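Asker: How does the following fold in three dimensions:
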Amino acid sequence: MEKLTNEKGTIIMSKPELSVLMTVKEVAEYLRVSTQTVRRWARERHLEHVRVGKEYRIVRDSLPKIPVQQNKNEP
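Answerer: Residues are numbered from 1 along each chain as shown. Down below sits the predicted model:
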């Protein structure tokens, strides 16, 4: 994944090459977590993502890196 930086060298965006991008809602439904959790993971850089305006688009290949805890009440 190529990193795009500004003139100060700060990473402003990761540029996925031929990667599938998912919305926050799609990722939340797929992982069965809240949309707030997905946004927090993106902010904390646990998920590779790009920003489209104020919205996040998550790189699908980054999803398996996230450990998802199962609810103890579920079988």
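Asker: Quick one: the helices in this protein, in order.
Answerer: 24-31, 35-43 (DSSP state H).
Asker: Dump the C-alpha coordinates for the shortest one into CSV.
Answerer: Right, helix 24-31. This file holds the C-alpha atoms of helix 24-31, laid out as CSV (Å, rounded to 0.1, in the frame of the first residue of the first chain):
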residue,chain,number,x,y,z
VAL,A,24,-18.1,1.6,8.0
LYS,A,25,-21.6,0.1,8.0
GLU,A,26,-20.6,-2.8,5.9
VAL,A,27,-17.6,-3.6,8.1
ALA,A,28,-19.7,-3.2,11.3
GLU,A,29,-22.3,-5.7,9.9
TYR,A,30,-19.5,-8.1,8.7
LEU,A,31,-17.7,-8.1,12.1
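Asker: orientation of that helix relative to helix 35-43 in degrees?
Answerer: Counting by axes from the mean of the first three to the mean of the last three C-alpha atoms, to 10 degrees, helix 24-31 points 100 degrees away from the direction of helix 35-43.
Asker: Buried residues of helix 24-31, list them for me.
Answerer: Within helix 24-31, the residues that count as buried by 16 or more other C-beta atoms under 10 Å are 24, 27-28. Any C-beta I mention is one placed from the backbone N, CA and C, and that applies to glycine too.
Asker: Any stretches of the protein with poor pLDDT?
Answerer: By pLDDT under 70, the weakly predicted segments of the chain are 1-18, 64-75.
Asker: before we move on, back to that, in a markdown table: the buried residues of helix 24-31, plus distance to Ile58.
Answerer: Output for the buried residues of helix 24-31, formatted as a markdown table (distance: C-beta to C-beta, whole Å):
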| residue | distance to Ile58 |
| --- | --- |
| Val24 | 7 |
| Val27 | 5 |
| Ala28 | 10 |
